[in-house]
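>>> fold the following, please.
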Amino acid sequence: MSEVRGEKAHSVVGASSASRFIACPGSVALSGHVGPGPSSVYADEGTAAHELGENCLLFGEDAEDRIGEIIEGKERSFEVDAEMAEAVQVYVDFVKGKLKACRKALAPHPGSNQPRSQPHHDPILRLEYHVDLSWLRSGMFGTADTILIGGTELLVADYKHGQGVAVEVKDNPQLRYYALGPAKDFPAITHVTMAIVQPRAIHPDGPIRSDRMSRAALMKWAEEELGPAVDRTREPNAPRAAGDHCRWCSALAVCPEALAKAQEDAALDFTEVELDFDKPADLVTTDIETLSKILAAKDFITKYLDAVAALARRRLDSGEGFPGWKLVRGKSRRKWSNEEGAFKYLKKQGIARTELVTEKSVSPAQAEKILAKHTKDRKMKKVVKEELAEYWEKPPGSPRMVPEDQAGESLDTSKSPDVPEGEFGLVETETNETEEESIF
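Next up is the predicted model:
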């Protein structure tokens, strides 16, 4: 079972939808009736960022070297700017660093033909690795961003460009799905490390976080959980369930369970309280417990309403019509059709070009790129980059309000929040398994 978008085929029970179809088997059939829907600007930007990272690793470049380059997405094109380059570079540096560490760990002792600790002499690095799980169930396949194999160890790295939702790595079905492919293809593997690189989203464990498990445990999960979950999606009248996994479901706007949940969440009793108009602080319409419940319901209701609005827009765009709604021209701003000609005209009127063109300072990332070009000595490139660091700072992010059960230490508002520990390192999540030390 697959759906085709452009030139690429996507499994309807693929890795990216694993969390959803495990929790809601019926979403697969329902999504099939609705279709994939249009690609969002965020998805297209993520695709462009992935292509940037892949190209940098393939050609041994830094992301900042490609600032200004145009990358074509599915429906939109994106110019690589300093922000995208800085985020992607975290991923590029991570993969390069792990490859270097892997080579060092596998290097033979001086004067010996045997590797230091692993049976395989050379690490294996693959980008955009095709994962085929047809051995588990038919129609299961996908593409892993990066896999790195060193001896009996496997590393699967997944880049996330999104900044809205911080993705958890612990027990992540998508990463486990990706890991199953190379774990099956390379039987010598005994342990798997799965890493998420997400530089633009705030997470208490930092932008790089990992989970590790044995190959045996991974295969057991596949046989006992993933495979049966795929079977459930193929049952007649497969059950549906609404929840956080609905976020990326193309059928959200037409799903009866999603509608029921949105109605249930919205049907909260507003408990009246006695108001003391002499105390402005008491001018509220509900008790604090009800307000908390309303806030908790906001996320799903908002997602559902956004999905309904997107469905209505698609129908209007296609000419179907949508009762009570229509398309009108939005407000636009003027732009130059011939900027150079306009500037020549304005010059004739006595207006200097300096009055028409504003200056904008380059970012620290762009300044580092310029500095690198002006520094011929390779050893000095690192020195001057470190010296430049004296003149820039990365301020802590603004506090965000999140549900209490979400990961992260509660801020003491009497103190300034700090950048989370481990922001630039690989953070291992806790595991119940006791195993030998990983080379990753």
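>>> just for the stretch 201-350 of the chain, where's the confidence low?
For the stretch 201-350 of the chain, applying pLDDT under 70 flags the ranges 268-287.
>>> helix/strand/coil for T143?
Look at T143: counting by DSSP: H, G, I helix; E, B strand; the rest coil, its state is strand.
>>> is it correct that I196 is in contact with L155?
No - with contacts counted by Cβ atoms under 8 Å, I196 stays clear of L155, the gap being 12.0 Å. Glycine gets a C-beta too; all of them are placed from N, C-alpha and C.
>>> those two: who's more crowded?
L155 (29 against 25; other Cβ atoms under 10 Å).
>>> in its sheet, what does the host helix or strand of that one sit against?
In this assignment (DSSP states H and E), L155 forms part of strand 153-159. Sheet pairing for strand 153-159, assigned by DSSP bridges, gives strand 141-150 (antiparallel), strand 191-197 (parallel).
>>> figure out which of those is closest to E390.
Across the strands paired with strand 153-159, E390 has its closest neighbour in strand 191-197 (27.2 Å, Cβ to Cβ).
>>> now the residue nearest the centre of the chain: closest residue in space that isn't a chain neighbour?
By Cα atoms, centre = their mean, the mean C-alpha position of the chain lies nearest to K160, the distance being 2.5 Å. Leaving aside its sequence neighbours, K160 sits nearest to Q198 (Cβ to Cβ, 6 or more residues apart in numbering; 3.9 Å).
>>> try R315
Spatial nearest neighbour of R315, excluding adjacent residues (Cβ to Cβ, 6+ apart): F322 at 5.1 Å.
>>> beta partners of that neighbour?
F322 has the following beta-bridge partners by DSSP bridges: W325.
>>> list the contacts of it.
312, 315-316 (Cβ atoms under 8 Å, 6 or more residues apart in numbering).
>>> could you do G35 as well?
Taking Cβ under 8 Å, 6+ apart, we find G35 in contact with S250.
>>> how far away is it from S19?
G35 is 21 Å from S19, where distance means Cβ to Cβ, to the nearest Å.
>>> P25 too?
Going from P25 to S19 by Cβ to Cβ gives 12 Å.
>>> which strands or helices does the one helix or strand I294 maps to pack on?
Element membership of I294, judged by DSSP H and E, is helix 288-317. Helices and strands touching helix 288-317, as assessed by 3 or more Cβ pairs under 8 Å, 6 or more residues apart in numbering; DSSP states H and E, comprise helix 256-266.
>>> report the angle between the helix it packs on and helix 288-317.
If you take axes from the mean of the first three to the mean of the last three Cα atoms, to 10 degrees, helix 256-266 sits at 140 degrees to helix 288-317.
>>> flag every buried residue along helix 256-266.
Neighbour counts over helix 256-266 (16 or more other Cβ atoms under 10 Å) mark 257-258, 261-262, 265 as buried.
>>> closest one of those to M84?
A258 (32.9 Å).
>>> can you pull the contacts of the closest one?
By Cβ under 8 Å, 6+ apart, A258 lies in contact with 242, 246, 249, 252, 304, 307.
>>> can you map out the helices along the stretch 51-200 of the chain?
Along the stretch 51-200 of the chain, counting by DSSP state H, counting those that start in this stretch, helices occupy 82-106, 173-185.
>>> redo the ones you listed as a markdown table? Include distance to P207 and mean pLDDT.
Converted to a markdown table, the helices of the stretch 51-200 of the chain look like this (distance: least, Cβ to Cβ, whole Å; pLDDT from 0 to 100):
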| stretch | distance to P207 | mean pLDDT |
| --- | --- | --- |
| helix 82-106 | 6 | 92 |
| helix 173-185 | 16 | 97 |
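>>> so which of those is nearest R212?
Nearest of the helices of the stretch 51-200 of the chain (Cβ to Cβ): helix 173-185, 10.4 Å.
>>> separation between I370 and P364?
Note on I370: its distance to P364, by Cβ to Cβ, is 11 Å.
>>> which of those two has more residues huddled nearby?
It is P364, of I370 and P364, that has more neighbours when counted by other Cβ under 10 Å, with 17 against 11.
>>> just the pLDDT for that one.
pLDDT for P364: 82.
>>> return the backbone torsion pair for it.
For P364, the backbone dihedrals (degrees, to the nearest 10) come out as phi -50, psi -40.
>>> next: V362.
Taking degrees, to the nearest 10 as the convention, V362 sits at phi -70, psi 160.
>>> once you drop chain neighbours, what's closest to it?
Counting by Cβ to Cβ, 6+ apart, V362 lies nearest to I370, which is 7.1 Å off, once chain neighbours are set aside.
>>> and the one you found, that one's in a helix?
Yes - assignment of I370 by three-state DSSP places it within a helix.
>>> in this structure it contacts S363, no?
No - I370 lies out of contact with S363 (Cβ under 8 Å); the separation is 10.7 Å.
>>> one step back: by neighbours, which of the contacts of F322 wins?
Counting neighbours by other Cβ under 10 Å, the top entry in those is A312, with 17 neighbours.
>>> ok, it touching W325?
Yes - with contact defined as Cβ under 8 Å, A312 counts as touching W325 (6.0 Å).
>>> low-confidence ranges, the stretch 51-200 of the chain, go.
Within the stretch 51-200 of the chain, the stretches with pLDDT under 70 are 109-121.
>>> state the distance from V230 to F141.
From V230 across to F141, the span is 12 Å (Cβ to Cβ).
>>> outline the domain layout of this protein.
With domains defined by automatic domain parsing, the chain comprises 2-233, 249-317.
>>> between those domains, which gets nearest to E390?
Nearest to E390 among the domains of the chain is domain 2-233; the distance by Cβ to Cβ comes to 18.4 Å.
>>> and the closest one, how far out from the chain middle?
11 Å (Cα atoms, centre = their mean, to the nearest Å).
>>> hang on, the earlier thing: have a look at V230 and F141 and say which one is more surrounded.
More neighbours surround V230 than the other of V230 and F141, with 23 against 19 (other Cβ under 10 Å).
>>> these two touch, right, Y91 and V197?
Yes - using Cβ under 8 Å, Y91 is in contact with V197, at 4.5 Å.
>>> find residues that contact each of the two.
Listed as contacting both Y91 and V197 by Cβ under 8 Å, 6+ apart are 157, 159.
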